[in-house]
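In: need the 3D shape of this:
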Amino acid sequence: MDNKMKEQSGNKMTLIVPALSVNEAFVRSAVAAFAVQLDPTVDEINDVKTAVSEAVTNSIVHGYDGKGGEITVRCEIAGGGLHIEVSDAGVGIPDVARAREMFFTTKPEQERSGMGFAIMETFMDGLDIRSEPGKGTTVTMSKVIKRDA
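Out: Next up is the predicted model:
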């Protein structure tokens, strides 16, 4: 492991933002800026930004039903990759397996596609969803960004 990689490993950041749609772009940009130290490709950055956008939007729209609350975003660089956790203290998901099904949405009247988790899974290398009704949801994602020395 070269000195630059040692320096990056274990680097962390935490953001806590109100669950407002205007903060989705801010969080997406902040996570992308944090990831830049790994020297990702443009495609890798776009993958991360897309997945983060989906996770934050899910918290705003589904977790808090647009009624406000806080979203916590934690990022860490470890093992040649970026690890991201997006959590809320919203309504939670009663059936995570069902929520992960393509085209399933609890908001069809808002013309939601039901593709959020599928998009996160497609663009990231790892996805874990933990939720408890009445207590909130935590989405953990990882992206391998490792360059040959």
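
In: lowest-confidence helix or strand of this structure?
Out: Using mean pLDDT, DSSP states H and E, the weakest-scoring helix or strand in the chain turns out to be helix 3-8, at a mean of 54.

In: that one: what's the following helix or strand?
Out: Later in the chain than helix 3-8, the nearest helix or strand by DSSP states H and E is strand 12-18.

In: buried stuff in that following strand?
Out: For strand 12-18, a neighbour-count test (16 or more other Cβ atoms under 10 Å) marks 15, 17 as buried. In this view, the C-beta of every residue, glycine as well, is placed from N, C-alpha and C.

In: ok, and what's touching that strand?
Out: Outside strand 12-18, the residues that touch it by Cβ atoms under 8 Å, 6 or more residues apart in numbering are 23, 26-27, 30, 34, 68-77.

In: which strand or helix spans the residue nearest the centre of the chain?
Out: Centroid-nearest residue in the chain: V52, 3.7 Å away (criterion: Cα atoms, centre = their mean). Under the criterion of DSSP H and E, V52 resides in helix 42-58.

In: count of neighbours near the nearest residue to V91 once chain neighbours are set aside?
Out: Nearest non-adjacent residue to V91, counting by Cβ to Cβ, 6 or more residues apart in numbering: G63, 6.2 Å away. Using other Cβ atoms under 10 Å, G63 has 25 other residues around it.

In: just the CA coordinates of the helix holding V52, formatted as CSV?
Out: Output of helix 42-58 as CSV, limited to C-alpha atoms (Å, rounded to 0.1, in the frame of the first residue of the first chain):
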residue,chain,number,x,y,z
VAL,A,42,-16.1,10.0,-14.3
ASP,A,43,-18.3,6.9,-14.7
GLU,A,44,-17.5,5.8,-11.1
ILE,A,45,-18.4,9.3,-9.8
ASN,A,46,-21.6,9.3,-11.8
ASP,A,47,-22.5,5.9,-10.4
VAL,A,48,-22.0,7.1,-6.8
LYS,A,49,-23.9,10.4,-7.4
THR,A,50,-26.9,8.5,-8.9
ALA,A,51,-27.0,6.0,-6.0
VAL,A,52,-26.7,8.7,-3.4
SER,A,53,-29.5,10.7,-5.1
GLU,A,54,-31.8,7.7,-5.0
ALA,A,55,-31.1,7.0,-1.3
VAL,A,56,-31.6,10.6,-0.2
THR,A,57,-34.7,11.0,-2.3
ASN,A,58,-36.1,7.8,-0.8
